[in-house]
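Q: Structural data only, the sequence is not supplied:
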């Protein structure tokens, strides 16, 4: 079994995502390398290499406060979103949002996990919604959805329009 990730630019992209958190946590990259058990030279080389040992990447991720997850690739036909967002479905989602229920079982049967995870991130960003609970829910529904680049893709493709949905959810919840 090949234990390395061999995708052009992937190691550098992943490292760049984790680097900011690591800098804040360890003050410099030397500290990040030391805590993860990776030689500093290896960390420097990974920024330009096209492959990376999975153990190395995982050690760096854990030290920086990240976790590596395998998630399904978004398909071209948009199956990570409902086929259509009916008025009834929107009302159901608004009711769920207003209820404050962040139990994953209450959410996961209401649609595709990517779609619902993005909705949970959206609510986490809204005033009056418990950020920690909704972010935890989002990651349970679809690991990686809270990453700003992934969520940006969700916002771009989702049938839910944030500028419309959030005020409606706040109003249902009784928030002004």
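A: Looks like it arrived, so ask away. Keep in mind it's a predicted model, so treat the numbers as computed, not measured. Numbering: from 1, shown residues only.
Q: For the residue in the chain sticking out farthest from the centre, give its distance to residue 48.
A: Within the chain, residue 41 marks the point farthest from the mean C-alpha position, 29.3 Å out by Cα atoms, centre = their mean. Separation of residue 41 from residue 48 (Cβ to Cβ, to the nearest Å): 12 Å. All C-beta atoms are positioned from the backbone trio N, CA, C, and that covers glycine.
Q: Between those two, which contacts overlap?
A: Contact criterion Cβ atoms under 8 Å, 6 or more residues apart in numbering; no residue bridges residue 41 and residue 48 by contacting each.
Q: doesn't residue 144 make contact with residue 114?
A: No - Residue 114 lies out of contact with residue 144 (Cβ atoms under 8 Å); the separation is 9.4 Å.
Q: Same drill for the two, tell me which one is more crowded.
A: When neighbours are counted by other Cβ atoms under 10 Å, residue 114 and residue 144 differ, and residue 114 comes out ahead with 24 against 18.
Q: If you drop the residues flanking it in sequence, what lies closest to that one?
A: Nearest residue to residue 114 in three dimensions, chain neighbours excluded: residue 80, at 3.7 Å (Cβ to Cβ, 6 or more residues apart in numbering).
Q: any idea how far the one you found is from residue 112?
A: Taking Cβ to Cβ, one finds residue 80 at 5 Å from residue 112.
Q: List of residues touching the one helix or strand residue 135 maps to?
A: Residue 135 belongs to helix 131-141 when assigned by DSSP states H and E. Contact with helix 131-141 is made by 102, 104, 107-108, 113, 116-118, 120-121, 123-125, 145-146, as judged by Cβ under 8 Å, 6+ apart.
Q: Quote the end-to-end distance of stretch 31-43.
A: Stretch 31-43 has its terminal residues 11 Å apart, counting by Cα to Cα, to the nearest Å.
Q: And the contacts of it?
A: For stretch 31-43, the surrounding residues in contact (Cβ under 8 Å, 6+ apart) are 15, 22-23, 25-26, 29-30, 56, 59-60, 62-64.
Q: distance between it and the chain's centre?
A: Distance, stretch centre to chain centre, for stretch 31-43: 25 Å (Cα atoms, centre = their mean, to the nearest Å).
Q: Next, the buried residues of that stretch.
A: For stretch 31-43, the neighbour count (16 or more other Cβ atoms under 10 Å) marks 32, 33, 35, 36, 38, 43 as buried.
Q: Restricted to helices, list those.
A: Members of the buried residues of stretch 31-43 lying in helices (criterion: DSSP state H): 32, 33, 35, 36, 43.
Q: now for the helix or strand that contains residue 171, which elements pack on it?
A: If you go by DSSP H and E, residue 171 is part of helix 162-173. Applying 3 or more Cβ pairs under 8 Å, 6 or more residues apart in numbering; DSSP states H and E, one finds that helix 162-173 makes contact with helix 87-99, helix 113-124.
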